[in-house]
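**Student:** Sequence and predicted structure, then a few things I'm wondering about:
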Amino acid sequence: MRPPVFLLLLTSAAFGLSYGQWTTLPNPHVKAHDIGNVYEVVHDCNHSWQWIIGPFCEYPRGSGIDHVYPRWRKFEIAALSPPGDSIAYLYAYRYMFQPFAEPSDSLWVVEDYSTVDIPYWHGYEGQSDQDFVCRYSNETVFHESNAGANFEQIFIDRRPLSIAVVEQSYAWNSPPLDDILVHAYRVTPTQFTLRGVYLVLHFYGGIGPVESDKYWQEALNYFDDQSTYSEEDHLAVVTDGRSGVEGQAKSCIGYRLFPPLDSSSQSLRWTFTDNNGVQNPVVEGSKMETPVTIRTESELTSYMYHLVSSGGVSINGANNGSGYLCVGPFSVDVGDTLVFWTAEILGMGTGDVQRKSAILDRLYAKQFRAPRPPPAPRVRVETGNKSIAFQWNSLPGETNPETYLDPNRGDNMEIPFEGYRVYRSTLSINGPWTLLMEYDIAGNGFAHDFGLQHEYVETGLLNNFEYYFAVTAFSKPDTSLGYPSRESRIPLNAVRVTPGTPPPGDVGQVAVVPNPYRGDIAYSSFNPPWERPTGKWTTWFENDRRVQFINLPAHCEVKIYTLSGDLVQTLRHEDQTRGYHDWNLTSYVGQAVSSGLYLFSVEDKATGNVQVGKFVIIR
């Protein structure tokens with residue numbers, strides 16, 4: 001009987017946006033986790049060797065500090081296959097995996113623990129504040145026609161391995177998990193049984209700033225990172241080195257690999273190596289330098305299998321922050337599914353990463369199902385003269401935050417709901433937010449014991465200015481898991497409101513504000529802003545200028561003239577609740593108006609009465 005052969009499967013778990021266009025592959029779908037303190041790009045197809053514009057794993061979000069190079073954080077599987085199967089080695093940038101071809105196959109986004117019917121996962125229930133779900137497989141023969149180096153030429157034609165992967169990634173928006181991302185993998189062999197399976201988390205360093213126009217210059221200086229490993233908690237940490245133009249970043253990234261829950265810890269063999277001297281095994285004569293000489297795919301596969309299954313720790317001082325974190329062996333039959341998890345833990349220093357890593361140990365047995373926040377209440381709004389009134393008591397048929405259940409808690413608390421918070425922003429529906437009031441159950445020893453309320457009135461506001469309000473619900477802390485209170489996300493029910501008086505019954509009090517309009521005043525810097533970016537833009541442009549006609553009846557027509565009587569613009573106002581109308585200082589042909597004295601007339605369509613007036617524009 002022939003001895004068993006080695007099979008080594010490498011797949012990429014997170015991916016970037018390519019500068020180029022890969023015409024031989026399906027158009028991929030790319031999204032980014034952006035709900036917590038980590039911004040990470042995720043892809044639904046197995047392409048790992050692609051440059052992206054901007055950071056791929058940015059922490060803190062918005063800092064421009066990346067933590068993975070070269071967009072490389074991937075899981076690998078090393079296994080033994082039955083006799084008769086050929087040896088295969090699927091290197092990361094050979095694009096061996098592709099998404100399924102069904103039109104509905106894309107990167108699914110499931111937010112706020114909602115339930116979604118995914119074609120291959122009916123009734124999928126969200127496990128975090130922001131889940132991404134996708135699937136890919138190795139079911140078709142791949143051929144790269146423009147293989148370059150000798151190393152690539154060895155492996156350009158290969159038999160499909162027929163392994164299907166469903167990947168989930170979890171992100172949270174609040175402590176203690178907002179600095180952590182967890183990936184769940186469900187690997188199913190569809191053609192032959194795998195045994196002697198070793199799970200491998202393969203990563204590279206790359207901590208430092210990313211600028212799209214200077215990426216190559218900075219990339220050359222990323223190779224100063226260091227990786228360390230703790231055998232006690234199987235935690236690898238990559239820190240930034242002191243050399244390189246990017247300097248030394250204070251943040252670092254930790255990696256964890258969690259084997260299937262039904263595996264016995266006594267039978268597992270853990271291996272860690274920092275990849276020194278074994279990265280990029282190549283053919284003799286290749287431009288890449290390495291102590292290892294590989295001439296055939298069989299040699300490479302055997303070498304890699306021995307590496308990841310050898311057991312023990314090997315720290316050789318590699319200067320690129322790379323490493324292999326491995327555990328096994330496992331067996332999985334055709335049609336069965338091997339489920340495991342990886343985690344990225346971002347923090348300010350190794351100690352911070354270790355502290356956050358310990359939280360994952362408490363959630364591992366629950367498959368990282370953390371306590372969830374209450375659902376956000378339904379908010380009803382009434383505007384008044386310089387005031388806004390809110391009510392959020394649950395009406396029949398509406399979801400009631402006060403009766404929600406949380407099966408993910410460790411304390412099995414019957415009623416985890418605790419209270420409500422009211423927020424206001426003067427800038428945008430995305431904040432920044434100011435806490436106005438908190439209401440919670442009185443006399444239970446949690447929070448402040450203020451007592452519950454279901455209404456709030458804000459007074460002293462400016463009429464005809466935009467404000468943003470939101471009401472959230474929050475829970476009691478989970479004392480069993482040591483988990484803090486969870487709060488529904490502010491944007492879930494944030495509303496844009498404009499206080500003011502209702503339309504008058506007739507014309508007579510119409511006025512223009514500001515009058516005069518002055519081009520040397522930055523109206524967009526007011527708080528709240530008088531002028532805001534419109535549409536999808538976040539930057540103020542010239543066409544965002546505005547004057548406002550106030551005290552308009554519900555049905556009227558406003559005409560604007562030059563001093564010589566030429567018609568500049570016509571505004572038709574039809575609004576039963578708002579007695580004002582904005583004009584962006586452009587004529588009916590789309591031309592910005594110049595400085596001068598302008599006349600206006602307002603005709604009430606209900607009564608036929610007309611009011612005239614004037615205003616000044618100084619550009």
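**Tutor:** Yep, that arrived. Residues are numbered from 1 along each chain as shown.

**Student:** Give me the helices and strands touching whichever strand or helix holds Lys74, please.
**Tutor:** Assigned by DSSP states H and E, Lys74 belongs to strand 73-81. Applying 3 or more C-beta pairs under 8 Å, 6 or more residues apart in numbering; DSSP states H and E, one finds that strand 73-81 contacts strand 5-12, strand 180-189, strand 194-203, helix 297-309, strand 338-347. Heads up, the C-betas are built off the backbone N, CA and C, glycines and all.

**Student:** Turn these into TSV, columns for mean pLDDT.
**Tutor:** As requested, the helices and strands packed on strand 73-81 are exported to TSV (pLDDT from 0 to 100):
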stretch	mean pLDDT
strand 5-12	44
strand 180-189	95
strand 194-203	87
helix 297-309	78
strand 338-347	97
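
**Student:** Show me the shaky parts of the chain.
**Tutor:** Applying pLDDT under 70 to the chain flags the ranges 1-28, 45-54, 69-73, 81-96, 139-161, 211-223, 242-247, 275-297, 317-319.

**Student:** Just give the nearest non-adjacent residue to Leu567, would you?
**Tutor:** Closest residue in space to Leu567, ignoring its immediate chain neighbours: Tyr561 at 5.9 Å, by C-beta to C-beta, 6 or more residues apart in numbering.

**Student:** partners of the strand holding Lys74, with directions?
**Tutor:** With DSSP bridges as the test, strand 73-81 is paired with strand 5-12 (antiparallel), strand 194-203 (antiparallel).

**Student:** sorry, back to before: for my notes, please list the helices and strands packed on strand 73-81 in JSON lines and give distance to Leu363 and mean neighbour count for each entry.
**Tutor:** Below are those laid out as JSON lines (distance: least, C-beta to C-beta, whole Å; neighbours: other C-beta atoms under 10 Å):
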{"stretch": "strand 5-12", "distance to Leu363": "25", "mean neighbour count": "23"}
{"stretch": "strand 180-189", "distance to Leu363": "9", "mean neighbour count": "22"}
{"stretch": "strand 194-203", "distance to Leu363": "18", "mean neighbour count": "23"}
{"stretch": "helix 297-309", "distance to Leu363": "26", "mean neighbour count": "19"}
{"stretch": "strand 338-347", "distance to Leu363": "10", "mean neighbour count": "23"}
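
**Student:** for these, which one sits closest to Ala442?
**Tutor:** Nearest to Ala442 among those is strand 180-189 (34.5 Å), distances taken as C-beta to C-beta.

**Student:** just checking, what packs against the closest one?
**Tutor:** For strand 180-189, the elements it packs on are strand 73-81, strand 163-171, strand 323-332, strand 338-347, helix 350-364, judged by 3+ C-beta pairs under 8 Å, 6+ apart.

**Student:** Take those and lay them out in a markdown table including distance to Arg578.
**Tutor:** Listed next are the helices and strands packed on strand 180-189 as a markdown table, based on distance: least, C-beta to C-beta, whole Å:
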| stretch | distance to Arg578 |
| --- | --- |
| strand 73-81 | 51 |
| strand 163-171 | 39 |
| strand 323-332 | 60 |
| strand 338-347 | 46 |
| helix 350-364 | 49 |
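
**Student:** of all those, which lies closest to Ile617?
**Tutor:** Ile617 lies closest to strand 163-171 among the helices and strands packed on strand 180-189, at 48.2 Å (C-beta to C-beta).

**Student:** Give me the number of neighbouring residues for the residue nearest to Leu567.
**Tutor:** Tyr561: 16 surrounding residues under other C-beta atoms under 10 Å.

**Student:** what does the one 4 residues further on give?
**Tutor:** Per other C-beta under 10 Å, the neighbour tally for Gly565 reads 7.

**Student:** where's it relative to Gly613, distance?
**Tutor:** As judged by C-beta to C-beta, to the nearest Å, Gly565 and Gly613 stand 15 Å apart.

**Student:** Pull up the gap between the residue nearest to Glu58 when sequence neighbours are not counted and Lys31, please.
**Tutor:** The spatial neighbour of Glu58 that comes closest, neighbours along the chain excluded (C-beta to C-beta, 6+ apart), is Tyr39 at 4.1 Å. Tyr39 is 11 Å from Lys31, where distance means C-beta to C-beta.
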